[in-house]
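**Q** Okay, here's the prediction I keep looking at, along with the sequence it came from:
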Amino acid sequence: MSETRRIYTELCHSTVDRITVRGVDLCSELIGKVSFTEMMFFDILGRRPTLAETRIVDAVLVTLMEHGLAPSAIAARLTYSGAPEALQGAVAAGLLGGGSALLGTLESSARLLNKLVVDPAGVEAAARREAESCRATATAVPGFGHPYHKPDDPRTATLFRLARSLGVPGKHIEACEILSSAVDAAFGKHLVINASAACGALLCEIGVPVDIARGFALVSRSAGLVAHVYEESKRPIIWSTLKAVGDAVPYVGPDGTPAGKWA
């Protein structure tokens, strides 16, 4: 007879006069004693972060919070315009777009770097293989390329410099830079190491599991989306945006004749 699987949680427990988070008293040991970043790290990973780990996570959260009128922000503003009573719905709508093409690339980049650092062939050989495979299949390399930042993403250099000053192991950052050289050689041009790749490398350096790396990006972006929703409530832009879309994408009838612009 198979042993019955235990069903339990290690995260939180409450009594009449006490709240315990991972075995630590919330009121006497956490509130006012730890920062949000430290609490987030502790709650997710089950251990207190070092000073270096806290600064790394802080840097990632700051880097990813605001991206201007990106699809996630536009989705949040659109949702808010239709349901201004539901702030949570607007933020949730923005977060739903955090997939493989935007925001979620942090996870894809981290997964690739983790793969490179343990490859039996060595990082350089593995990086060449991955870069050449992407080139041959016309597949984007996770974390490489940016429509605006050229020749390099200024955030990447800042993040790598910070991590090195904090004395992190550095093997994922090194793997990212080796991969960059391999990508440039395979594609015959320089492709930017973007902020998603840099953030993925930093989270790997401090032991954040790849499967939850995207979660750190989502936490950060949530705050940015609240800012967008608040601005939309005070100074709406979404109706002007919709008009611009209507003007830029006219309706064409079944006979191929364009109709007028947005009314």
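**A** Nice, thanks for sending it over.
**Q** Near Met59, how many other residues are there?
**A** Just so we're on the same page, residue 59 is Ala rather than Met. Around Ala59 there are 20 other residues, counting by other C-beta atoms under 10 Å. (Glycine included, C-beta is placed from N, CA and C.)
**Q** After the helix or strand hosting Lys115, which helix or strand is next? Please name it.
**A** Element membership of Lys115, judged by DSSP states H and E, is helix 105-117. Going down the chain from helix 105-117, the next helix or strand is helix 123-136, by DSSP H and E.
**Q** re the thing from before, from the chain's centre, how far out does the helix holding Lys115 sit?
**A** 13 Å (C-alpha atoms, centre = their mean, to the nearest Å).
**Q** and if you look at stretch 241-254?
**A** 32 Å.
**Q** ends of that stretch, how far apart?
**A** End-to-end distance of stretch 241-254: 26 Å, with C-alpha to C-alpha, to the nearest Å as the criterion.
**Q** re earlier: and the helix holding Lys115, average pLDDT?
**A** Averaging pLDDT along helix 105-117 yields 95.
**Q** residue ranges for the helices of the chain, please.
**A** 36-45, 51-65, 71-82, 87-95, 105-117, 123-136, 154-165, 171-187, 195-205, 210-234, 238-248 (DSSP state H).
**Q** which residues of the stretch 1-150 of the chain score low on pLDDT?
**A** Across the stretch 1-150 of the chain, the ranges flagged by pLDDT under 70 are 1-3.
**Q** and Val229, what does it touch?
**A** Ala76, Arg77, Tyr80, Leu87, Ala90, Val91 (C-beta atoms under 8 Å, 6 or more residues apart in numbering).
**Q** Show me how the protein divides into domains.
**A** For the chain, automatic domain parsing gives the domain ranges 8-49, 50-239.
**Q** distance between the ends of the longest one?
**A** Translated: domain 50-239. OK, domain 50-239 end separation, C-alpha to C-alpha: 46 Å.
**Q** For that domain, what is the distance to the chain centroid?
**A** For domain 50-239, the distance to the chain centre is 5 Å (C-alpha atoms, centre = their mean).
**Q** So what does Pro250 have for phi and psi?
**A** phi -70, psi 160 (degrees, to the nearest 10).
**Q** ok, it touching Thr257?
**A** No - look at Pro250 against Thr257 with C-beta atoms under 8 Å: they stay out of range, at 10.4 Å.
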